[in-house]
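*Asks:* next one to model:
(2 chains)
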Amino acid sequence: MLKVQTLTKVFNKGTINEKKALDNLSLELAPGDFVTVIGSNGAGKSSLMNAIAGVFLPDSGEIIIDGVNITKWPSHKRAELVSRVFQDPLSGTAASMTIEENLIMAIRRGQSRRLRWALNNKNRDYFRRELARLGLGLEGRLTTKVKLLSGGQRQALTLLMATLQEPKLLLLDEHTAALDPKTAEVVLELTCEVANKSKLTTLMITHNLEQALTVGNRTIMMHEGRIILDIRGAERSNMTISRLLDMFEKASGVHINNDRMILAGTR
Amino acid sequence: MLSLKLAVGTLELGLMYSIMVLGVYLTFRILNYADLSVDGSFTLGAATAATLIYQGFNPWLASATAFIVGCVAGMFTGVFHTKFKITALLSGILTMTALWSVNLRIMGKANISLLKIRTIFTDFTGLPGMEQYGALVLSIITVVIIGILIYLFLNTELGLALRATGDNEIMIRSLGVNTDLMKVLGLALSNGLVAFAGSYIAQYQQFADASMGVGMIVAGLASVIIGEVLIGTSSIGRTIIAVICGGVIYRAIIAIVLQLGLEPTDLRLLTALIVLIALVAPNISSKLVAFKGAITRKEDQYAKSTNSN
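*Replies:* Numbers count the residues shown, from 1 in each chain, chains lettered A, B, ... in the order given. You can find the predicted model right below:
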């Protein structure tokens, strides 16, 4: 499904701020895999997603989706295969446009935009049904401007937009981190539901270690641009958070000094 | 205060200028891009149309040609910005500066007179029943058609992608839209409309001048803001109407202050003031409300304390 081969990216090469974001990283995902990605800040999790989504081109290595080599594709072209939900709830929707306008733009993800009237009543019925699944009461507010929605509502809408037109690969970049705990839970549940229903191949970054082990079918841990742990099946279901932290220390050779990760583990 | 003739003339001019204001609206509000090439492309439209008409070209086709060359000018600004990564303001300034020379080349001299030459207005006023208000009717028809076309366009798939490009570029790119292309498209349409307005004004005033576009962008911004403040922006349709009215109201303000005895040379200062006031007014009015609230509360307290005594 997704095949990342010996991907390397160095930022600010040759300067004092040189940073190896991705270091010879290889990763292979089977169709329907739901992989959670953990690692301390600066481990390269977001860089991996940015590379897959085409935010920057890698220095070396290849990215292949469904047999198609997309390494050199511009980001807007990758949209036909990859969809993405960002951490910031504001970045996934157009604030000055209505809910239905945002949805109709998402439904044509990766396709050409033509000089054709965008919205019709058939679309609207479909949107109402899909919005009703969110359980947030948005189905009655199709013509509301998105800027009037809460962060949680906007993130739920973004998730719906990302999956309305089924992508080959769904990238979730800490998409619940900026939400309050209750909304975060709703959005996460929704994520699992959508991913299960369509057997979407998904890559989800999280800082919550418990979430990392319970959501999805596989967990990878990153450190300094490499994957240092890759668990699934029985090994994963027997894993505890404290053992995960131990393994991190052993594999990376450093003590965990990241407050955020420890906090996430003990919560 | 205004004679009927002057009022009709102001309305005609205002409607023609609002074609330009619609162009400015496309970049300034839809694309969120302050495009200074407008000053040059307005003159470009006027110069192109006037030159062609002077050489005996069909005036309707000359106006259409003005639209097309305006689009090309906008594309240059768009390419400077998206491909060469030059900032929005500087891209516009470069095009505007270059157009100054281009416009003089097109005209071959600093101005062209169209007196006693066939224009779209002489054609139209020649129609039966149009002797008196021909120019007014023609400008109304033009503005209404352009307004409807823009409304329809902004509701197409392409139009939505254009609006989203100005609203949230990261988001619409992640949905597979080439935002660079959208910016070039928006700038092209905008400058096309501005040049089209220039061709109308040149034919209406029966001359084209190399410096007739100077200050056009600020006038355009002032008109957009005036319209939005007075009429509102709750939907796209309403905003388009607001922008058209803004263009007319701006011209009316200019006509009135000139009647009151202001020198034409003071107009730029006035325009800058209008934009300044319009930009600052929302802040001031909210502060004013808060201030009034505080005063009335104090008065209430005072009234209560004196009553209890």
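*Asks:* name the helix or strand for B:Gln203, please.
*Replies:* Assessed by DSSP states H and E, B:Gln203 sits inside helix B:179-205.
*Asks:* does that helix reach chain A?
*Replies:* Yes. Applying C-beta under 8 Å from any C-beta of the partner chain, one finds that helix B:179-205 is in contact with chain A at B:Thr179. In short, each C-beta sits where N, CA and C put it, glycine included.
*Asks:* can you list the strands that the next helix or strand along the chain from that helix pairs with?
*Replies:* Downstream of helix B:179-205, the first helix or strand assigned by DSSP H and E is strand B:207-209. The strands that strand B:207-209 pairs with in its sheet are strand B:111-113 (antiparallel) (by DSSP bridges).
*Asks:* what helices or strands is the helix holding B:Gln203 leaning on?
*Replies:* helix B:4-25, helix B:38-54, helix B:59-82, helix B:120-125, helix B:134-154, helix B:157-167, helix B:169-174 (3 or more C-beta pairs under 8 Å, 6 or more residues apart in numbering or on different chains; DSSP states H and E).
*Asks:* out of those, which comes closest to chain A?
*Replies:* Across these, the minimum distance to chain A, taken as C-beta to the nearest C-beta, is reached by helix B:157-167, at 4.0 Å.
*Asks:* which strands and helices sit next to the closest one?
*Replies:* Using 3+ C-beta pairs under 8 Å, 6+ apart as the contact definition, the elements that helix B:157-167 packs against are helix A:99-107, helix B:134-154, helix B:169-174, helix B:179-205.
*Asks:* what is the orientation angle of the host helix or strand of B:Tyr250 with helix B:179-205?
*Replies:* Remark: B:Tyr250 resides in helix B:236-259, with elements defined by DSSP H and E. Here helix B:236-259 runs at an angle of 40 degrees relative to helix B:179-205 (axes from the mean of the first three to the mean of the last three C-alpha atoms, to 10 degrees).
*Asks:* which parts of helix B:236-259 are buried?
*Replies:* Of the residues in helix B:236-259, those with enough neighbours to count as buried (16 or more other C-beta atoms under 10 Å in any protein chain shown) are B:236, B:239-255, B:258.
*Asks:* isn't B:Cys71 right up against B:Leu189?
*Replies:* Yes. In this structure B:Cys71 lies within contact range of B:Leu189 using C-beta atoms under 8 Å: 6.9 Å.
*Asks:* tell me which element A:Ile228 is part of?
*Replies:* A:Ile228 belongs to strand A:226-232 when elements are defined using DSSP H and E.
*Asks:* buried residues of stretch A:238-255, list them for me.
*Replies:* For stretch A:238-255, a neighbour-count test (16+ other C-beta under 10 Å) marks A:Met239, A:Ile241, A:Leu244, A:Leu245, A:Phe248, A:Ser252 as buried.
*Asks:* same list (those residues) but as a markdown table, adding pLDDT.
*Replies:* As requested, the buried residues of stretch A:238-255 are exported to a markdown table (pLDDT from 0 to 100):
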| residue | pLDDT |
| --- | --- |
| A:Met239 | 88 |
| A:Ile241 | 87 |
| A:Leu244 | 85 |
| A:Leu245 | 84 |
| A:Phe248 | 76 |
| A:Ser252 | 67 |
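*Asks:* could you say which of the helices and strands packed on helix B:157-167 is packed most deeply?
*Replies:* helix B:179-205 (a mean of 27; mean count of other C-beta atoms under 10 Å in any protein chain shown).
*Asks:* quick revisit: nearest to B:Phe80, out of the helices and strands packed on helix B:157-167?
*Replies:* B:Phe80 lies closest to helix B:179-205 among those, at 9.7 Å (C-beta to C-beta).
*Asks:* picking that back up, what are the buried residues along the strand holding A:Ile228?
*Replies:* Per 16+ other C-beta under 10 Å, strand A:226-232 contains these buried residues: A:Arg226, A:Ile227, A:Ile228, A:Leu229, A:Ile231.
*Asks:* state the distance from the spatially closest residue to the first one that is not a sequence neighbour to A:Gly44.
*Replies:* So the one you mean is A:Arg226. For A:Arg226, ignoring the flanking residues on the chain, the nearest one in space by C-beta to C-beta, 6 or more residues apart in numbering or on different chains is A:Asp23 at 5.0 Å. Taken as C-beta to C-beta, to the nearest Å, the spacing of A:Asp23 relative to A:Gly44 amounts to 8 Å.
*Asks:* quick one: which of these two has more around it?
*Replies:* Neighbours per residue (other C-beta atoms under 10 Å in any protein chain shown) separate A:Asp23 from A:Gly44, with A:Gly44 holding more: 25 against 17.
*Asks:* hmm, back to that, mind putting the helices and strands packed on helix B:179-205 into JSON lines with mean pLDDT?
*Replies:* Rendered in JSON lines, the data for the helices and strands packed on helix B:179-205 read as follows (pLDDT from 0 to 100):
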{"stretch": "helix B:4-25", "mean pLDDT": "95"}
{"stretch": "helix B:38-54", "mean pLDDT": "97"}
{"stretch": "helix B:59-82", "mean pLDDT": "98"}
{"stretch": "helix B:120-125", "mean pLDDT": "92"}
{"stretch": "helix B:134-154", "mean pLDDT": "97"}
{"stretch": "helix B:157-167", "mean pLDDT": "97"}
{"stretch": "helix B:169-174", "mean pLDDT": "92"}
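*Asks:* and those helices, which is most packed in?
*Replies:* Using mean count of other C-beta under 10 Å, the stretch among these with the largest mean neighbour count is helix B:38-54, at a mean of 29.
*Asks:* nearest spatial neighbour of the closest residue to chain B within chain A, chain-adjacent residues omitted?
*Replies:* Of the residues in chain A, the one nearest chain B is A:Ala79, at a distance of 3.1 Å by C-beta to the nearest C-beta. Nearest in space to A:Ala79, with sequence neighbours left out and distances taken as C-beta to C-beta, 6+ apart, is B:Gly176 at 3.1 Å.
*Asks:* same question for B:Phe196.
*Replies:* Skipping the residues right next to it in sequence, B:Phe196 comes nearest to B:Phe67 by C-beta to C-beta, 6+ apart, at 4.3 Å.
*Asks:* remind me, longest helix of chain A?
*Replies:* When chain A is parsed with DSSP state H, its longest helix is helix A:181-198.
*Asks:* put the alpha carbons of that one into PDB.
*Replies:* Below are the C-alpha coordinates for helix A:181-198, written out as PDB (Å, rounded to 0.1, in the frame of the first residue of the first chain):
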ATOM      1  CA  PRO A 181     -10.700  16.000  26.400                       C
ATOM      2  CA  LYS A 182     -14.400  15.300  25.800                       C
ATOM      3  CA  THR A 183     -14.400  16.600  22.200                       C
ATOM      4  CA  ALA A 184     -11.000  14.900  21.600                       C
ATOM      5  CA  GLU A 185     -12.700  11.600  22.600                       C
ATOM      6  CA  VAL A 186     -15.600  12.200  20.200                       C
ATOM      7  CA  VAL A 187     -13.300  13.000  17.300                       C
ATOM      8  CA  LEU A 188     -11.100  10.000  18.100                       C
ATOM      9  CA  GLU A 189     -14.100   7.600  18.200                       C
ATOM     10  CA  LEU A 190     -15.300   9.100  14.900                       C
ATOM     11  CA  THR A 191     -11.800   8.500  13.500                       C
ATOM     12  CA  CYS A 192     -11.800   4.800  14.400                       C
ATOM     13  CA  GLU A 193     -15.400   4.400  13.100                       C
ATOM     14  CA  VAL A 194     -14.600   6.000   9.700                       C
ATOM     15  CA  ALA A 195     -11.200   4.100   9.400                       C
ATOM     16  CA  ASN A 196     -12.900   0.800  10.300                       C
ATOM     17  CA  LYS A 197     -15.900   1.200   8.000                       C
ATOM     18  CA  SER A 198     -13.800   1.900   4.900                       C
END
